[in-house]
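Q: sequence plus the predicted model coming up.
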Amino acid sequence: MDPAVTHLGARGSVLRAAAGLALLLAAATAAGETPCSLRVEDDGLRSDAGEVRVALWSSREGFPEETASALDRALAPIREGGASVCFASLAPGRYAVSLFHDEDGDGALDRNFLRIPREGVGISNGAVGPFGPRDYEEAVFELPASGAVQRITPRYW
Ligand SMILES: [Ca+2]
């Protein structure tokens, strides 16, 4: 786990305790004790400005924008057009990932007056169409007990 990654408590704002836990998990991962269940590798970011905000979903409720309903959330810094987030201790099952490139770092997905995103949007399985994210079922993937890596390249409009 990248120690610079900040995990945000689900259904709440940033908690110092959660950040501290993330750092502990990062240390444990470095020691090989808590491997990632799911690693999200984000590439093709058009700049290193801002950060990548990732949400992990285990149900369609709120997907993909009401991230307070997500199972977990994290943000990661960008290096050379890429970013990486680790989610640990996940049960095998069906999940979906949404993310966006928060270039101005304001915590929100910026849109133009037509509601088209002005920041890059990525969804697991590449489930982003010409008008934005597709249906939750198109984004769902099966996470095996052995873990998985999801590589997601955001779309920019
Ligand atoms: Ca933004």
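A: That came through, no problem.

Q: could you list the contact residues of the protein toward the ion?
A: Selection of the chain residues close to the ion by C-beta under 5 Å from the ion yields D102, D104, D106, A108, D110. Using the backbone N, CA and C atoms, a C-beta is placed for each residue, glycine as well.

Q: next, count neighbours for the fourth one.
A: With neighbours defined by other C-beta atoms under 10 Å, the count for A108 comes to 12.

Q: give me the element it is part of.
A: Using DSSP states H and E, A108 sits in no helix or strand.

Q: tell me who's in contact with it.
A: Shown in contact with A108 (C-beta atoms under 8 Å, 6 or more residues apart in numbering): D102.

Q: and the pLDDT at it?
A: With respect to pLDDT, A108 scores 95.

Q: would you map the strands across the protein?
A: Shown for the chain, the strands assigned by DSSP state E span residues 6-8, 36-42, 51-57, 72-77, 83-88, 93-102, 121-123, 128-129, 132-133, 141-143, 148-152.

Q: out of those strands, which gets nearest to P64?
A: strand 93-102 (3.6 Å; C-beta to C-beta).

Q: strand partners of that closest one, parallel vs antiparallel please.
A: strand 51-57 (antiparallel), strand 121-123 (antiparallel), strand 141-143 (antiparallel) (DSSP bridges).

Q: just how off-centre is the longest one within its chain?
A: Between the centre of strand 51-57 and the centre of its host chain there is 2 Å, according to C-alpha atoms, centre = their mean, to the nearest Å.
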